[in-house]
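Colleague: 3D, please:
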Amino acid sequence: MAVLLDTHVVLWYVTSDNRLSNRAREIIKAKTGLFFSMASLWEISIKLNIGKLQMTSSFDDLLVRLEFIKAKILPIEIEDAKAYISLPLIPEHRDPFDRLLVAQALNRSLILVSEDEKFDFYPIERIWK
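Modeller: Predicted coordinates for the structure are as follows:
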């Protein structure tokens, strides 16, 4: 099973946050078929820069942890931009980072691991519990 990890999933995993579901933790601990989007890395760096996100470890430490769990960094490709354009505009879900994750999951037939139920508006599979 190949999965795309939502931004908060990795952040919660590396900080041992109890909001992370047992199912998500099991998927990550398996260390197989894990992807993490470059869009999520951008989201984290932007939020760190503007003070909207605090991390107890460094950004470089996060990258090391991604390497440790064998998560492959998923680049943003032209096909992702094309898929993004074709996504329905859902008033309840306008987050550009999330919508890019949807486009990437669609293009690569990845299952999204996320707590966010707003992803259920799209034709992708989501795992949480």
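Colleague: and the residue lying farthest from the centre of the chain, its phi and psi?
Modeller: Computed with C-alpha atoms, centre = their mean, the residue of the chain farthest from its C-alpha average is residue 91, at 20.7 Å. When read as degrees, to the nearest 10, the backbone of residue 91 gives phi -60, psi -30.
Colleague: relative to residue 101, how far out is it?
Modeller: Applying C-beta to C-beta, to the nearest Å, the value for residue 91 to residue 101 is 18 Å. (Each C-beta comes from the backbone N, C-alpha and C, glycine too.)
Colleague: can you give me the strands in the protein?
Modeller: 3-5, 34-37, 72-74, 111-113, 126-127 (DSSP state E).
Colleague: in a markdown table, list those along with mean pLDDT and mean neighbour count.
Modeller: Shown next, in a markdown table, are the strands of the chain (pLDDT from 0 to 100; neighbours: other C-beta atoms under 10 Å):
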| stretch | mean pLDDT | mean neighbour count |
| --- | --- | --- |
| strand 3-5 | 98 | 25 |
| strand 34-37 | 98 | 23 |
| strand 72-74 | 98 | 16 |
| strand 111-113 | 98 | 22 |
| strand 126-127 | 98 | 18 |
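Colleague: I'd like the ones you listed as TSV, with distance to residue 58 appended.
Modeller: Shown next, in TSV, are these (distance: least, C-beta to C-beta, whole Å):
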stretch	distance to residue 58
strand 3-5	19
strand 34-37	17
strand 72-74	17
strand 111-113	24
strand 126-127	29
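Colleague: if I look at the nearest residue to residue 125 once chain neighbours are set aside, how far off is residue 69?
Modeller: Nearest residue to residue 125, sequence neighbours excluded (C-beta to C-beta, 6 or more residues apart in numbering): residue 111, at 4.6 Å. Using C-beta to C-beta, residue 111 is found at 16 Å from residue 69.
Colleague: who's in contact with residue 51?
Modeller: If a contact means C-beta atoms under 8 Å, 6 or more residues apart in numbering, then residue 51 has no contacts.
Colleague: how close does it get to residue 38?
Modeller: 22 Å.
Colleague: for residue 79, same thing?
Modeller: In this view, residue 79 and residue 38 are 14 Å apart by C-beta to C-beta.
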